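Engineer: sequence unknown, structure follows:
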């Protein structure tokens, strides 16, 4: 481990920032190159360290890699998204465990009884959704940090995916991510972003 | 720009992965070192490129840097969080614009009329919350990529912050992030994470 807290203020070089943010693109097409299981596991081992409220880490990840498993997802994808999932070597169901609080004795050991803070279901689901989505952000940047490309999609039949993949739990799908090594096929020109002044204020 | 798509499969080195994920920690205390405005702007310029549904980018960022502005936030922070915000040089209100769809003619130009897809308020708010939170994930990793530390917090009076900072719009706070250069004061031992088998499945 060469990481030194004394140099924690390092600004990463432009090539790295390009890989993670400025030149990275949502990919709509992927090469045939597979994603090894070891890399999938490594991706989780990075993602898991991103901060979440009370260390709740409510995101759950279903990596669909076999043709049979991926065929179970396809009927629920909307419009063009079905074709996009077919082109990626891995489809990931990024899901939310609305019963995350059952793990807090383990995950948040310095506050025994923390699970009792989440008795209210509305607040618990809001916490689960916020933090599962945060972890979705970590997941996609971690994928890029490992040289992978992503293609996230919200257009799918969530109730159908819930029934097919999570019938017996309080887990529900949040969004779907295509994962692999992207190509430039069907790549749109990059869309504009809001300026700093439109999206931010310094007070 | 030295970024080359042909080398897009680069796995970042362990030191960089440590800075972004494996050794990075939520900080509860910060040094007096200020965060220059140029670095705040650069942080937004990275964050904005993270993928969101229909490029909606619904997150809004209020950077509280002056003592006067920060004092407006303090009364709404719960318990220990008030003291934590006092120690950070910048408090960020990461907020959600529930009327993000009004910008889609600009942000999603290849689908004219996309804003009409979001007439249903429940679906629009869900989209806004999911994608604002995703952007929260990008924001925190981007901060680390710029050598900054973060301390995110959900414990605050959201209705109070809404009334104080966003009284006349459909923007509401999502969560608060302390931003600056962290110290090791009040740093808990790292809490456990779920194993791959507990949080993920490969099918």
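Structural biologist: Good, I have the coordinates. Every value quoted in this text rests on a predicted model; they were computed, and no experiment measured them. Residues are numbered from 1 along each chain as shown, chains lettered A, B, ... in the order given.
Engineer: which element is the residue nearest the centre of chain A on?
Structural biologist: In chain A, the residue lying closest to the centroid (Cα atoms, centre = their mean) is residue A:136, at 2.8 Å. Assigned by DSSP states H and E, residue A:136 belongs to helix A:121-145.
Engineer: Look at the closest residue to residue A:147 other than its chain neighbours and say how many residues are nearby.
Structural biologist: Counting by Cβ to Cβ, 6 or more residues apart in numbering or on different chains, residue B:9 is the residue found nearest to residue A:147 once chain neighbours are left out, at 3.8 Å. No exception for glycine: its C-beta is placed from N, CA and C like everyone else's. Neighbour count of residue B:9, defined by other Cβ atoms under 10 Å in any protein chain shown: 15.
Engineer: Find the closest residue to chain B in chain A.
Structural biologist: Closest to chain B within chain A is residue A:137: 1.9 Å, counting by Cβ to the nearest Cβ.
Engineer: which residues touch that residue?
Structural biologist: Applying Cβ atoms under 8 Å, 6 or more residues apart in numbering or on different chains to residue A:137 gives the contacts A:50, B:50, B:133-138, B:140-141.
Engineer: ok, so what distance separates it from residue B:183?
Structural biologist: Residue A:137 sits at a distance of 26 Å from residue B:183 (criterion: Cβ to Cβ, to the nearest Å).
Engineer: Equivalent analysis for residue A:154, please.
Structural biologist: To residue B:183, residue A:154 is 39 Å away according to Cβ to Cβ.
Engineer: Residue A:166 now?
Structural biologist: In terms of Cβ to Cβ, residue A:166 sits 42 Å off from residue B:183.
Engineer: Likewise for residue A:169?
Structural biologist: 41 Å.
Engineer: returning to what we had before: my guess is the residue nearest to residue A:147 contacts residue A:181. True?
Structural biologist: Yes - between residue B:9 and residue A:181 there is a contact at 6.0 Å, judged by Cβ atoms under 8 Å.
Engineer: Touching both of these two, which residues are there?
Structural biologist: Residues touching both residue B:9 and residue A:181 (Cβ under 8 Å, 6+ apart): A:147-148.
Engineer: Now list the buried members of the contacts of residue A:137.
Structural biologist: Buried by 16 or more other Cβ atoms under 10 Å in any protein chain shown: A:50, B:50, B:133-138, B:140-141, out of those.
Engineer: returning to what we had before: pLDDT and distance to residue A:91 added to the contacts of residue A:137, as CSV?
Structural biologist: Shown next, in CSV, are those (pLDDT from 0 to 100; distance: Cβ to Cβ, whole Å):
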residue, pLDDT, distance to residue A:91
A:50, 98, 22
B:50, 98, 20
B:133, 98, 22
B:134, 98, 18
B:135, 98, 23
B:136, 98, 24
B:137, 98, 20
B:138, 98, 22
B:140, 98, 26
B:141, 98, 23
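Engineer: and these as TSV, adding distance to residue A:188?
Structural biologist: Listed next are the contacts of residue A:137 as TSV, based on distance: Cβ to Cβ, whole Å:
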residue	distance to residue A:188
A:50	28
B:50	16
B:133	24
B:134	19
B:135	20
B:136	25
B:137	23
B:138	19
B:140	27
B:141	24
